[in-house]
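Visitor: Quick one: sequence and predicted model below, then my questions.
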Amino acid sequence: MLETSILVIYTGGTAGMAYNKQGELVPMNFEHIRRKMPELHQLHMQVHVVNLGPPIDSSNITVADWLRLAALIRDNYTRYDGFVVLHGTDTMAYSAAALSFLLENLGKTVVFTGAQVPVGRIRTDARRNLVTALEMAAARYPRAGTVRVPEVCVFFNELLIRGNRAKKVESQQYNAFRSENYPPLAKAGIELEFNDKQIRLLPAAPLRAHQRLDDRVTILKLFPGITERQVQAQLGADDLRGCVLETYGSGNAPTAPWFVECLRAARERGVQLLNVSQCEEGRVVQGRYETSSHLTELGVIGGDDITVEAAITKLMFVLGLERDEATTRRLLGQDLRGEITPI
């Protein structure tokens, strides 16, 4: 029986960091991690490693890096049974969401993981996270032998989460990621327990790794006291094509004439406005209250229960498709990769 083969794509992050002479955490080469984790040799699988480039802190991740990740998975898709992306935690949810949109018709598991504590420390979570992520990427149905989780995911601490549902919620504890509006795809206890009903199984089709994202987007977070000048500064950018509007509660926003006019002016210039709630749980329901009914009239698209991380990367992806206005708005409002829970 052939061993399962997994490709680990190393980008950097806390899991692969060490202290320099100044006492600062800096990225190190993955070969140092391999030496510090002899348990990798005990796994019944072939684990190969490739660097995305020079190790970087995830705060420096770029759109270009996401496109390189998608291309790297595409180029190695037939050679490996699954993929693990070792990534810093600060922007992991953004990267996982972006890859979920870029990798269309994904039929293999792509797991993002990392750590809160560097691998060289005694009480590190890097070992457990990486070993379990490898097991998740290699998981198959016992009888059929088919891929168990053909999705882009995030594994951290004990939970396997859909990549475009993940959100970093903790910086001091090991349970760094949660998915508030969708159940975990699996839990890692003594055994791996899969929530098969929540996993997306798609008809077999060739993988398509998109290579275009439009970064002419922004996020406008509302707060009491926000001024016309601040809103105009963001929505008035010459080349702006899309904006995630972080509203209150179930999608509510000010009804002040100046605010309404700012949104109207942006829409008249063709800017797509995607309404996302600031609440971690719940969903946007435009029209439930008077303070959101005007948004629909202005052409603002309700984001339902999508996360901010998924919303901004979805905007980049859909705008990058360069479709007509009607198709663009339809795609922004519908579920593409499990990022929205249909009502």
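Guide: Now that the structure is in, tell me what you want to look at.

Visitor: Would you check that Asn157 makes contact with Asn129?
Guide: Yes - Asn157 lies in contact with Asn129 (CB atoms under 8 Å); the separation is 7.2 Å. (Each C-beta comes from the backbone N, C-alpha and C, glycine too.)

Visitor: okay, the two: which has more neighbours?
Guide: For Asn157 versus Asn129, neighbours defined as other CB atoms under 10 Å are more numerous around Asn129 (26 against 19).

Visitor: From Arg323, how far out is that one?
Guide: Counting by CB to CB, to the nearest Å, the gap from Asn129 to Arg323 is 38 Å.

Visitor: residue ranges for the helices of the stretch 201-343 of the chain, please.
Guide: Across the stretch 201-343 of the chain, reading from the start of the chain, the helices by DSSP state H, counting those that start in this stretch fall at 228-235, 257-268, 290-298, 308-320, 325-333.

Visitor: Over to the stretch 51-200 of the chain?
Guide: Secondary structure of the stretch 51-200 of the chain by DSSP H, counting those that start in this stretch: the helices cover 63-75, 92-102, 126-138.

Visitor: For this structure, give the strand that spans the most residues.
Guide: In terms of residue count, the longest strand belonging to the chain (DSSP state E) is strand 45-56.

Visitor: For it, enumerate the helices and strands it packs against.
Guide: Where contact means 3 or more CB pairs under 8 Å, 6 or more residues apart in numbering; DSSP states H and E, strand 45-56 is packed against strand 4-12, strand 25-27, helix 30-36, helix 63-75, helix 126-138.

Visitor: the bottom helix or strand of this structure by mean pLDDT?
Guide: Scoring the helices and strands of the chain by mean pLDDT, DSSP states H and E places helix 30-36 at the bottom, with a mean of 61.

Visitor: returning to what we had before: quick one: the helices of the stretch 201-343 of the chain as TSV, columns for mean neighbour count too.
Guide: As requested, the helices of the stretch 201-343 of the chain are exported to TSV (neighbours: other CB atoms under 10 Å):
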stretch	mean neighbour count
helix 228-235	14
helix 257-268	16
helix 290-298	16
helix 308-320	25
helix 325-333	14
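
Visitor: Ok, which of these comes nearest Ile161?
Guide: Across the helices of the stretch 201-343 of the chain, Ile161 has its closest neighbour in helix 308-320 (11.7 Å, CB to CB).

Visitor: Show me what that closest one is packed against.
Guide: Using 3+ CB pairs under 8 Å, 6+ apart as the contact definition, the elements that helix 308-320 packs against are helix 92-102, strand 217-221, strand 242-247, strand 272-277, helix 325-333.

Visitor: so can I have JSON lines of the ones you listed showing distance to Ala70 and mean pLDDT?
Guide: What follows is the helices and strands packed on helix 308-320, written out as JSON lines (distance: least, CB to CB, whole Å; pLDDT from 0 to 100):
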{"stretch": "helix 92-102", "distance to Ala70": "4", "mean pLDDT": "97"}
{"stretch": "strand 217-221", "distance to Ala70": "18", "mean pLDDT": "97"}
{"stretch": "strand 242-247", "distance to Ala70": "20", "mean pLDDT": "96"}
{"stretch": "strand 272-277", "distance to Ala70": "22", "mean pLDDT": "96"}
{"stretch": "helix 325-333", "distance to Ala70": "18", "mean pLDDT": "97"}
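
Visitor: among these, which is the most enclosed?
Guide: Counting by mean count of other CB atoms under 10 Å, helix 92-102 has the highest mean neighbour count of the helices and strands packed on helix 308-320, with a mean of 27.

Visitor: tilt between that helix and helix 308-320?
Guide: If you take axes from the mean of the first three to the mean of the last three CA atoms, to 10 degrees, helix 92-102 sits at 30 degrees to helix 308-320.

Visitor: Alpha carbons only: can I get helix 92-102 in PDB?
Guide: Once side chains and other backbone atoms are set aside, the C-alpha atoms of helix 92-102 remain, and they are given as PDB (Å, rounded to 0.1, in the frame of the first residue of the first chain):
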ATOM      1  CA  MET A  92      -4.100  33.200   8.700                       C
ATOM      2  CA  ALA A  93      -7.900  33.700   8.500                       C
ATOM      3  CA  TYR A  94      -7.500  36.100   5.600                       C
ATOM      4  CA  SER A  95      -5.100  33.800   3.800                       C
ATOM      5  CA  ALA A  96      -7.300  30.700   4.300                       C
ATOM      6  CA  ALA A  97     -10.400  32.700   3.000                       C
ATOM      7  CA  ALA A  98      -8.500  33.900   0.000                       C
ATOM      8  CA  LEU A  99      -7.300  30.400  -0.900                       C
ATOM      9  CA  SER A 100     -10.800  29.100  -0.600                       C
ATOM     10  CA  PHE A 101     -12.000  31.400  -3.300                       C
ATOM     11  CA  LEU A 102      -8.900  31.000  -5.500                       C
END
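
Visitor: Which strands and helices lie in contact with that helix?
Guide: Packed against helix 92-102, as judged by 3+ CB pairs under 8 Å, 6+ apart, are the following elements: helix 63-75, strand 109-113, strand 152-156, strand 167-168, helix 308-320.

Visitor: Out of these, point me to the one whose mean pLDDT is lowest.
Guide: Here those differ in mean pLDDT, and the lowest is strand 167-168 at a mean of 90.

Visitor: residues making contact with that strand?
Guide: The set of residues external to strand 167-168 that reach it, using CB atoms under 8 Å, 6 or more residues apart in numbering, is 89-90, 92-93, 176-180, 280, 307, 309.

Visitor: I'm done for today, thanks for sticking with me.
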